[in-house]
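Enquirer: Compute the structure for the input listed below.
(one chain, ligands or ions: 2)
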Amino acid sequence: MSNQSVSLSLPRAQLTGHGLEFSDSSLGQALALGAFLLQIPSSLDVNPGFEICRNFYRPRRDAQDVLRGHREAPHERSKLGYEDRPNQVEQLQIESHLWREYFPLPITRLLGAIKVVTLQALRHLFEASGVHQDHWATITGGTLDETSLCYTTLNHYRSGVRGTLGIVEHTDSGFITVIAADQPGFEIYHQGMWQAVPLEPGCFIVNLGDAYQILTAHLRLPGHAVLHRVIETVPVRDTPDRSSFTVYMGPNFDMSLYQYSGSGALEVYQSFRAFSVLKAQGMGYGFHDRV
Ligand SMILES: O=C(O)CCC(=O)C(=O)O
Ligand SMILES: [Fe+2]
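Expert: Ligands and ions are numbered 1, 2, ... in the order given. Down below sits the predicted model:
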């Protein structure tokens, strides 16, 4: 894959009382691309998210210093936790039911609010693709206002690690991921080349993942799992390293992935755990050993 600096303007949506509203009727384009911009609701301040991304990997100074110390912390109740990745990125991944336990209140509140936004977007997209609401519990493993796995990923891109990508090219595994980033560098593989998505600080980037693509492959408006990466971050004096944080929703690892057949029947596709293990290997990542 060649490295070209073409830029891509993503479809744009906002959440209203009626669900997602896309400008220029670009819903179909968003599903086909598997990515779009979502205006950040004005009531949300994303800065606490960036603050924890800039601190979680640093050693804790004292017991009160709850933003730091997550590299060493065991996060015993989490199946995910801290991971030092082969790229620039180091990640802290924590399931939504543990946010209150491991994060300070402003972060927990922010992530909770983004989770609500993520669910609203997912429900709307499922409906547009032709996923039946009656199948929600089977497909997601959750009740109507949950999927069985929701977690945040806090990403710190170590500018001191040179000669590698920020994060290797990948698709996300679940149904949907909502991303907030503080610097450019995010790219999408589209029409045979890497295209830079310009940073829009007032917007989340929303990605569709493998579970969405598999589920909807034969439906009227299939959603595509978008291939994306972050290019190498270079150190800039007096500027913090690149940070991003995400809210991810997917099936639990002990569940099956589902797919609608051509005749519209919902069928088991594959074990999500088996699928995820193979995928992690392809990325050069170890799969979470507690899952
Ligand atoms: O940092 C970003 O902009 C993207 C992060 C990402 O792709 C991920 O966490 O899966
Ligand atoms: Fe990703």
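Enquirer: Nearest spatial neighbour of the closest residue to ligand 1 within the stretch 101-250 of the chain, chain-adjacent residues omitted?
Expert: Of all residues in the stretch 101-250 of the chain, residue 244 sits closest to ligand 1, at 3.3 Å by Cβ to the nearest ligand atom. Every residue, glycine included, has its C-beta placed from N, CA and C. Of all residues not flanking residue 244 in the chain, residue 181 sits nearest, at 3.9 Å (Cβ to Cβ, 6 or more residues apart in numbering).
Enquirer: show me what contacts the one you found?
Expert: 199, 205, 242-244 (Cβ atoms under 8 Å, 6 or more residues apart in numbering).
Enquirer: Please apply the same query to residue 77.
Expert: Residue 77 neighbours (Cβ under 8 Å, 6+ apart): 98, 101.
Enquirer: picking up where we left off before, so which of the contacts of residue 181 sit within helices?
Expert: The helices, defined by DSSP state H, take in nothing from the contacts of residue 181.
Enquirer: What's the per-residue pLDDT of the residue nearest to residue 244 here?
Expert: On pLDDT, residue 181 comes in at 98.
Enquirer: Likewise for residue 2?
Expert: pLDDT recorded at residue 2 is 49.
Enquirer: likewise residue 255?
Expert: Note on residue 255: pLDDT of 96.
Enquirer: most neighbours, which of the contacts of residue 181?
Expert: residue 242 (27 neighbours; other Cβ atoms under 10 Å).
Enquirer: and it, what is it in contact with?
Expert: By Cβ under 8 Å, 6+ apart, residue 242 lies in contact with 155, 157, 159, 166, 181-183, 185, 230, 233.
Enquirer: who touches residue 143 in this structure?
Expert: Contacts of residue 143 by Cβ under 8 Å, 6+ apart are residue 137.
Enquirer: Would you map the helices across this protein?
Expert: In the chain, the segments counted as helices under DSSP H are 27-33, 47-53, 99-102, 105-129, 136-140, 210-216, 272-283.
Enquirer: Can you mark which positions in the fifth one are buried?
Expert: Which is helix 136-140. 136, 139-140 (16 or more other Cβ atoms under 10 Å).
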